[in-house]
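*Asks:* need coordinates for the following:
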Amino acid sequence: TWLKIPEPISRGSAAQNELLGALIGFQQKSNEKWSFEFASQDLEGSFDFRGYLACGYDDACGKLIRLDPPIGGVGAETSVFYKPTGDDPRPSVLGGLFGGSQLHWIQRVKSNHGLNDEHGVNEDVLDVSSGNTTTPYYASEKSAGFSDAPRRSDYKNNHTWDADLYLAAETKEGDVRKVTIYNGVSWGWRNLTFRRDQADICPYTDPSKCTLNPANVPMDLAMVFDTTGSMGAIMGYVKNEMRNTSKFLFNQVPDTRIAVVDYKDFSVSPFGGLGDYPYRAVLPFSSNQSSINAAIGGLTTGGGGDTPESLLSALVRTLRTENLGYWRNKVKKSVIYITDAPAHDPEPFTGYTWGYVVDESYLVDPAILYAIVPNYLKDDPKLTMVTKWTGGRVFGVDSPSDAQKALAAILAEINGAEIATNTGTTPDPSDPPALPNPPTPRSVPEPSSLWGFLAVLLAGGHRLLKKSKCKSATVRTVSGSDCAVVIKG
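*Replies:* Numbering: from 1, shown residues only. Purely as a prediction, here's the structure:
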């Protein structure tokens, strides 16, 4: 289990718009009159994270915020204190006798395991404490301090839990309760298990069938292709050789479905031009080899505009199975994407970052991501981080032998040859560093200098394969605490 690095929520952001939608929904159900608006100015003060800890199997939640007794499960706990300066609203004293505002906290939560639901049931809710059914506030009492200890009891599942926390002040205008919402901060936690228990993924009553023959484990695989102009040299090889590769794959894992996706870029200058698109579902999940071969054979290259492409849109929408059908339960889920260019990060128009890709992967339980890229992209810190956190890898290739080894290694993993019991380990988000600056983009080389190696990517790679204590994110120290971070207004 590890922590999401707290980040300020900017005014006018998509997160604020989503919160406003949730508040309008609350307003429509309330018996009282409410008015919600965002402050026109940023706060001058700060939110002090006086404690921010991950908790897991050996570290119960609640020690920091003095729950008695602490509660087991995977999750996190935090304590935040609002420190106003300048003209910021002040908390009221003695019920407002000496002035001040009625300060509250509003928190919106998104997770892949609702508090009262089974794992895999997504939630997107206003987070209110027990007994507080008449207001949108996290707690009924008014306070400049906030504490929370969200956790889930099922250690072996992959969890994603994200919160947007806002300071709010309430005033009365006649019979209307007017709420002004100030700056916010996002925080959260992740729990990721790379290898699932045999019984969790095996579709048979007798798990030994999967243990003895991992190929029995069904598989859903999405293949995502960059089809911009610089990729032109490889498409001919893909069309000619995909039949052999898919035949090999279906022989190894009979219950396989493959989806095909391609992308170029946004059809607006300078990103791309007319005819470009950020995502296209070419073929929904299918077990028909003829349909898969036809889908690959129909891919055409061209366009793309600037160097970065709409890879993030392609991955997010693939993971959401937009026009692709659905991911099945109790199967291996994987995505292979092939590209020669970095992603827009953040993306124009959508605002997607690599963090969105990780979140969507976890919601799938997770879908494991594999990247095949030229060697100059394989050490991109964000690319490495995202694939590692989903359980996959980045393969840098510049030669036919590299490509053969990469494809063989990917197929060896996704065909179920290494399904094992839960190790209980999670990656350290400081290795590679969380959300570092991306490397300086390079111009896209000519196709002949990069992609000649893919002549044998699908032609020969299949012949090589034979059956065969939780850390938290580093945060800045303030007030002498080892787990504190200050988010300025």
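
*Asks:* tell me where the model's unsure across the stretch 301-450 of the chain.
*Replies:* In the predicted model, the stretch 301-450 of the chain carries pLDDT under 70 at residues 305-306, 399-401, 403-404, 415-450.

*Asks:* ranges for the strands of it?
*Replies:* 332-338, 368-374, 394-397 (DSSP state E, counting those that start in this stretch).

*Asks:* show residues contacting stretch 302-310.
*Replies:* Outside stretch 302-310, the residues within contact range by CB atoms under 8 Å, 6 or more residues apart in numbering are 226-230, 232, 263-266, 269-273, 275-276, 278-279, 339, 341-345, 347, 441-444. For every residue, glycine as well, the C-beta is placed using N, CA and C.

*Asks:* mark which of these are buried, thanks.
*Replies:* The neighbour count (16 or more other CB atoms under 10 Å) marks 226-228, 230, 263-266, 271-273, 276, 278-279, 339, 341-345, 347, 444 as buried among those.

*Asks:* how is this protein partitioned into domains?
*Replies:* Using automatic domain parsing, the domain parsing of the chain gives 2-191+474-488, 198-458.

*Asks:* out of those domains, deepest packed?
*Replies:* domain 198-458 (a mean of 19; mean count of other CB atoms under 10 Å).

*Asks:* follow-up on the earlier one: between the strands of the stretch 301-450 of the chain, which one is nearest to Trp187?
*Replies:* Closest to Trp187 of the strands of the stretch 301-450 of the chain is strand 368-374 (CB to CB; 24.3 Å).

*Asks:* adjacent strands (with direction) for that closest one?
*Replies:* Strand 368-374 sits in its sheet next to strand 332-338 (parallel), strand 394-397 (parallel), going by DSSP bridges.

*Asks:* tabulate those strands (TSV), appending distance to Ser143.
*Replies:* What follows is the strands paired with strand 368-374, written out as TSV (distance: least, CB to CB, whole Å):
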stretch	distance to Ser143
strand 332-338	43
strand 394-397	46
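
*Asks:* select, out of those strands, the one closest to Ile414.
*Replies:* Closest to Ile414 of the strands paired with strand 368-374 is strand 332-338 (CB to CB; 4.4 Å).

*Asks:* what does the closest one contact?
*Replies:* By CB under 8 Å, 6+ apart, the list of residues contacting strand 332-338 from outside reads 201, 217-226, 231, 234, 311, 314-315, 318-319, 327, 364-373, 392, 410, 414-416, 419, 454.

*Asks:* which of the residues you listed fall in helices?
*Replies:* Secondary structure from DSSP state H places Ile201, Ile234, Leu311, Ala314, Leu315, Thr318, Leu319, Val364, Ile410, Ile414 of the contacts of strand 332-338 in helices.

*Asks:* okay, those in JSON lines with distance to Thr300 next?
*Replies:* Formatted as JSON lines, those follow (distance: CB to CB, whole Å):
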{"residue": "Ile201", "distance to Thr300": "37"}
{"residue": "Ile234", "distance to Thr300": "12"}
{"residue": "Leu311", "distance to Thr300": "18"}
{"residue": "Ala314", "distance to Thr300": "16"}
{"residue": "Leu315", "distance to Thr300": "21"}
{"residue": "Thr318", "distance to Thr300": "19"}
{"residue": "Leu319", "distance to Thr300": "24"}
{"residue": "Val364", "distance to Thr300": "29"}
{"residue": "Ile410", "distance to Thr300": "25"}
{"residue": "Ile414", "distance to Thr300": "27"}
